[in-house]
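1. got a predicted model here, sequence first, then my questions.
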Amino acid sequence: MSQLDKLMDKIIDLFQHYAKKEGCIYTLNKAEAKELITKEFLGECKEKNTQQKMEQYMTQLDNNQDGEVSFIEFMSLVSIFTVFTNYDLMGCQVPAPPKGKC
Ligand SMILES: [Ca+2]
């Protein structure tokens, strides 16, 4: 098994760990998503606006506004955090989107 396969398995296991706590085992309800974000993304964050950030993440996660967070919606957050962490580790700023392309 490659390192990437192992990482993907861990991400899937992490999502399923929280998703199976209540209701549908394939999606995160609001409580499950809140717990996952708090423990896995904001665990060490001591900023005063942590609660505000979490509400932003919750809104952004539920892309289709159905009240549940699917694995695809969760992966979009993981991807964004991974990109930001990579730029942070490199000491670079996240590049602005190209102008006139939207
Ligand atoms: Ca669930």
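-> Happy to help now that I have it.

2. please identify the residues of this protein in proximity to the ion?
-> For the chain, the residues in contact with the ion (Cβ under 5 Å from the ion) are 19, 23-24. Every residue, glycine included, has its C-beta placed from N, CA and C.

3. nearest to Gln60, of those residues?
-> Ala19 (18.0 Å; Cβ to Cβ).

4. count of neighbours near the closest one?
-> 23 (other Cβ atoms under 10 Å).

5. in what helix or strand does Cys24 lie?
-> For Cys24, there is no helix or strand it lies in under DSSP states H and E.

6. just Ile72 next, same as before
-> Going by DSSP H and E, Ile72 is part of helix 71-90.

7. again, but for Leu36
-> Leu36 belongs to helix 30-36 when assigned by DSSP H and E.

8. got the contact list for that helix?
-> Applying Cβ atoms under 8 Å, 6 or more residues apart in numbering, the contact partners of helix 30-36 are 14-15, 18-19, 21-22, 28, 54, 58, 61-62, 67, 69, 74.
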